[in-house]
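[1] For reference, the sequence and a predicted model appear below.
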Amino acid sequence: MTAYGVTPLSGLPARVTICEVGPRDGLQNEARPLPAEVKAEFIERLVDAGHTVVEATSFVHPKWVPQLADAEELLGRLTFADGVRYPVLVPNERGLDRALALGVRDIAVFASATETFARRNLNRTVDESLTMFGPVVERARREDVRVRAYLSMCFGDPWEGEVPAQRVVDVAKRLMAMGCTELSLGDTIGVATPGRVAALLGALTAEGIGIGDIAVHFHDTYGQALANTLTALQHGVTTVDASAGGLGGCPYAKSATGNLATEDLLWQLAGLGIETGVDLRKLIDTSVWMAEHLGRPSPSRTVTALAEENR
């Protein structure tokens, strides 16, 4: 909630769902892994602040993401709240086995729009990675498990440069045809600008992908994440990925700096009169607490400003 007034803009949704990615996408890039009990408290604090979708962890092999090697222990520590979804990242059928054994009801797969990133992130071509995901998605849906598809490098790639919208559309259509229930468009290195966002959303909907099935995931490398999010909302998107305190990056794309900070997003949405159900003050307290565990301040401008006000 903002103390400086609410002025809505026409054409925006009345409510936005925030997919809180801090516990997974945020923490996976930290140099020092945190104990499972700290991660569990982080997730429970996020839920207490009002989040209804919190990406909890990843079942990627610990060799590749050691920061999240404690997935089973972490999920065992959580008290799952009614009405809250706790998706986990699943790379393959073995990961799906592990997730289902723990009662997980929401998973995510992660694809790339570019060949170079697919090889660096998945050690496979784009086609090979989609072939790998097919049985995972099919089986998950058979078990009535929701499947989010992350699609990385939707606007630019540090090795290949600008990514054509049609390439993103082609991969997105294949993911949705598999049975994925949601598509999250990733600006992995933060190079998107509003015009590019509008053009890609238009290209996707023109090819039959419903705007209600699309989420956006912006990194703030060039300070464009909030502008890009507003553009997406103006085009009908109602699900936005964000990370408490602006945590995050990508271990396979060194130019991928932090995610859009959830607090910065909340400040903008509150000023526009858009409901989220998330308590900004509680979230700031959580991000300050997490910053203490990480030994560094939060990069979120809103956290910095309001934490100073509370001193």
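    Noted; the coordinates are in hand.
[2] low-confidence ranges in the chain?
    Within the chain, the segments meeting pLDDT under 70 span 1-3, 249-257, 310-311.
[3] what about the helices in it?
    36-48, 71-77, 93-101, 115-122, 126-142, 165-178, 194-206, 225-234, 262-271, 280-294, 301-309 (DSSP state H).
[4] Could you dump the ones you listed into JSON lines and include distance to G11 and mean neighbour count?
    C-beta coordinates here come from the backbone N, C-alpha and C atoms, glycine included. As requested, those are arranged in JSON lines below (distance: least, C-beta to C-beta, whole Å; neighbours: other C-beta atoms under 10 Å):
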{"stretch": "helix 36-48", "distance to G11": "30", "mean neighbour count": "20"}
{"stretch": "helix 71-77", "distance to G11": "40", "mean neighbour count": "18"}
{"stretch": "helix 93-101", "distance to G11": "38", "mean neighbour count": "17"}
{"stretch": "helix 115-122", "distance to G11": "34", "mean neighbour count": "20"}
{"stretch": "helix 126-142", "distance to G11": "33", "mean neighbour count": "17"}
{"stretch": "helix 165-178", "distance to G11": "22", "mean neighbour count": "18"}
{"stretch": "helix 194-206", "distance to G11": "13", "mean neighbour count": "17"}
{"stretch": "helix 225-234", "distance to G11": "6", "mean neighbour count": "21"}
{"stretch": "helix 262-271", "distance to G11": "15", "mean neighbour count": "24"}
{"stretch": "helix 280-294", "distance to G11": "24", "mean neighbour count": "20"}
{"stretch": "helix 301-309", "distance to G11": "24", "mean neighbour count": "17"}
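[5] So which of those helices is nearest N29?
    N29 lies closest, by C-beta to C-beta, to one member of these: helix 280-294, at 11.1 Å.
[6] quick revisit: make TSV out of the helices of the chain and add distance to P23.
    Conversion of these to TSV gives the following (distance: least, C-beta to C-beta, whole Å):
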stretch	distance to P23
helix 36-48	5
helix 71-77	8
helix 93-101	15
helix 115-122	20
helix 126-142	21
helix 165-178	24
helix 194-206	26
helix 225-234	19
helix 262-271	12
helix 280-294	10
helix 301-309	17
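[7] Mind checking those for the one nearest to W159?
    helix 115-122 (4.1 Å).
[8] Just give the closest residue to P87, not the sequence neighbours.
    Distances taken as C-beta to C-beta, 6 or more residues apart in numbering place D106 nearest to P87, at 3.7 Å, with adjacent residues excluded.
[9] got the contact list for N123?
    By C-beta atoms under 8 Å, 6 or more residues apart in numbering, the contact set of N123 is empty.
[10] residue contacts, the residue nearest to P87?
    D106 makes contacts with 85-88, 145-146, 148, as judged by C-beta under 8 Å, 6+ apart.
[11] which of these tops the neighbour count?
    Within the contacts of D106, most neighbours by other C-beta atoms under 10 Å means V88, with 26 neighbours.
[12] Pull up the gap between that one and D157, please.
    26 Å (C-beta to C-beta, to the nearest Å).
[13] how many other residues sit next to the nearest residue to A192 once chain neighbours are set aside?
    Nearest non-adjacent residue to A192, counting by C-beta to C-beta, 6+ apart: F155, 4.0 Å away. F155: 25 surrounding residues under other C-beta under 10 Å.
[14] Just list the residues touching F155, thanks.
    By C-beta under 8 Å, 6+ apart, the residues touching F155 are 162-163, 187, 191-192, 196-197, 200.
[15] ok, it to I189 distance?
    Distance from F155 to I189, counting by C-beta to C-beta: 8 Å.
[16] Likewise for L68?
    Separation of L68 from I189 (C-beta to C-beta) stands at 21 Å.
[17] what's the closest of the helices of the chain to W64?
    Ranking those by proximity to W64 (C-beta to C-beta) places helix 115-122 first, at 9.0 Å.
[18] between the closest one and helix 165-178, how big is the angle?
    Between helix 115-122 and helix 165-178, the angle comes out at 40 degrees (axes from the mean of the first three to the mean of the last three C-alpha atoms, to 10 degrees).
[19] Packing partners of helix 115-122?
    Here helix 115-122 touches strand 106-112, helix 126-142, going by 3 or more C-beta pairs under 8 Å, 6 or more residues apart in numbering; DSSP states H and E.
[20] Next, the angle from the longest one to helix 165-178.
    Between helix 126-142 and helix 165-178, the angle formed by their directions is 30 degrees, by the same axes, to 10 degrees.
[21] Once you drop chain neighbours, what's closest to A81?
    Excluding the flanking residues, the one nearest A81 by C-beta to C-beta, 6+ apart is V47, at 5.2 Å.
[22] ok, the one you found touching R85?
    No - with contact defined as C-beta atoms under 8 Å, V47 does not reach R85; the gap is 10.3 Å.
[23] Cheers, nothing more for now.
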